[in-house]
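Undergrad: no sequence on this one, just coordinates:
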C-alpha cells in the first residue's frame, strides 16, 4: 500500500478500529495455518467505486477499452452516505475509486467530506483532467483528502499520450500546480500528491528523469509501477526490457506471473469492494460482478460472514482460484524501486 502516509493514517486510528483490524488479521492467520475459514473481524479497508465511467481510453483498462460488461453509472450519494455511516466504526482506509474516473461523479468532493467527517483515511486515484480547474482543485484541498494519486506515464506530451489516450499531460501538470497552490495557501499538509508512472516499453527510457520532472511539477513523490496486461500479445508489445518492471513472463502464448504468490490472498479478510450500484464483490479484480456477495444496502456483517463469501475464501485457501485471480497482484512487488 504505497498510498499510505503514516502521519495522516494515525489520525484515523481508534481503539475500536484497531481491535477490529487485529481480529481480521488474526482470522486470516488462523485460516491459513490451522485450516478452516475463520472470519473474526470486519473489513477495515473499503474500496468504493463512485463511478465506472471514464473520460480517457487507456488500452489495457477494461473501462477505457470498452471491455467492461457492467452498465455505466454513478453511485447515489444517499447509498454512499448510508454505507459509510453504517461501517465507519470499523473502517480505517477508504480507496474512493475503482473502475472509472472518480472525479466525474458530480458529488465526489462531498463524498470525500463525508468520509473525512468520520475520520477515515481517504485516497483518490485520478487521471487529473478534471483537477486542472482552480475551483475544483481548491475544493479538493478543502475536502480533507489525504492522498491524491495522479496517473502520468510519461514526462513529455507525446510519451504521455501514447497510453493515456484522450488525456493531456498539460492538464496533469496544471492539476498538480493548482492543488499544491491551494495546499500552500491553506497551510495544509494534504492531500499528499503522488504521480503514478506505469513503466512500459515506450517510456522506460524516461524513468531516470521522471522523478526530478514530477517534483518540478510540484508532486511530493513518484511511484513507478509495473504494467498490467491481458495477454501474451499485449505483453510482447508493452512490457519494458527492465526486469524489475516486468510482473509477467511469457511462455509461448501463455502469460504467467514472474513471481510466485506468497500465501493465500489476505484481502478477503480485511478489504471489501463496493461497485457504484451497490454490488459488494470480493476484490477489485472482480471487474464485471462475477462474484456478487450482497448489496451495500444490507448490513455488511451479514455479507462478510455469509456462506457464499466463506465458500469463496475456502476456494482461495485451497488454491482453486477463479479466473479473475489469474492476474492478481497479491504478494507481488508492483511498485519496484
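TA: Ah, there it is. Keep in mind that this is a model prediction, so the values were computed, not measured. Numbering: from 1, shown residues only.

Undergrad: Now do the contacts for the nearest residue to residue 240 once chain neighbours are set aside.
TA: With sequence-adjacent residues excluded and distances taken as Cβ to Cβ, 6 or more residues apart in numbering, residue 240 is closest to residue 204, at 3.9 Å. The C-beta positions use only the backbone N, C-alpha and C, and glycine is treated the same way. By Cβ atoms under 8 Å, 6 or more residues apart in numbering, residue 204 lies in contact with 240-242, 245.

Undergrad: For residue 204, give me the pLDDT.
TA: Looking at residue 204, its pLDDT stands at 93.

Undergrad: what about it, distance to residue 124?
TA: 27 Å (Cβ to Cβ, to the nearest Å).

Undergrad: Show the subsequent helix or strand relative to the longest strand along the chain.
TA: Determined from DSSP state E, the single longest strand within the chain is strand 192-199. Downstream of strand 192-199, the first helix or strand assigned by DSSP states H and E is helix 207-217.

Undergrad: Pull out the buried residues from the helix or strand following that next one.
TA: Downstream of helix 207-217, the next assigned helix or strand under DSSP H and E is strand 221-226. By 16 or more other Cβ atoms under 10 Å, the buried positions in strand 221-226 come out as 222-226.

Undergrad: mind listing what the one helix or strand in the chain whose mean pLDDT sits lowest pairs with, with the direction of each?
TA: Across the helices and strands of the chain, the lowest-confidence element by mean pLDDT, DSSP states H and E is strand 254-257, at a mean of 76. Counting by DSSP bridges, the strands paired with strand 254-257 are strand 248-251 (antiparallel).

Undergrad: List of residues touching the partner strand?
TA: 229, 232, 235-236, 239, 255-258.

Undergrad: how far out from the middle of the chain is it?
TA: Strand 248-251 has its C-alpha centroid displaced from the chain centroid by 25 Å (Cα atoms, centre = their mean, to the nearest Å).

Undergrad: for stretch 159-175, same thing?
TA: 20 Å.

Undergrad: Then stretch 191-200?
TA: Here stretch 191-200 is found 12 Å from its chain centre; the criterion is Cα atoms, centre = their mean.

Undergrad: pLDDT of that stretch, averaged?
TA: pLDDT averaged over stretch 191-200 gives 95.

Undergrad: cool, and stretch 98-115?
TA: According to the model, stretch 98-115 has a mean pLDDT of 97.

Undergrad: buried sites along it?
TA: 98-105, 107-109, 111-115.

Undergrad: May I have the distance across that stretch, first residue to last?
TA: End-to-end distance for stretch 98-115: 16 Å, by Cα to Cα, to the nearest Å.

Undergrad: quick one on the thing from earlier: just the ones of the buried residues of stretch 98-115 in strands?
TA: Among these, none falls in strands (DSSP E).

Undergrad: Could you identify the most distant pair in these?
TA: Distances among the buried residues of stretch 98-115 were taken as Cβ to Cβ; the most separated pair is 99 and 113, at 22.9 Å.

Undergrad: list the helices and strands the helix of greatest length in the chain packs on?
TA: Identified as the longest helix of the chain according to DSSP state H is helix 15-34. Here helix 15-34 touches helix 267-270, helix 307-318, going by 3 or more Cβ pairs under 8 Å, 6 or more residues apart in numbering; DSSP states H and E.

Undergrad: Go through the ones you listed and pick out the most buried.
TA: Comparing the helices and strands packed on helix 15-34 by mean neighbour count (mean count of other Cβ atoms under 10 Å), helix 267-270 comes out on top with a mean of 23.

Undergrad: That one - what's its average pLDDT?
TA: Helix 267-270 carries an average pLDDT of 95.

Undergrad: So what touches that helix?
TA: Contacts of helix 267-270 (Cβ under 8 Å, 6+ apart): 21, 24-25, 27-28, 31, 39, 41, 43-45, 282-283, 309, 312-313, 316, 330.

Undergrad: how close does residue 13 sit to residue 92?
TA: Counting by Cβ to Cβ, the gap from residue 13 to residue 92 is 7 Å.

Undergrad: Need the residues touching each of these two.
TA: Counting by Cβ under 8 Å, 6+ apart, nothing touches both residue 13 and residue 92.

Undergrad: of the two, who's got more company?
TA: residue 92 (21 against 13; other Cβ atoms under 10 Å).
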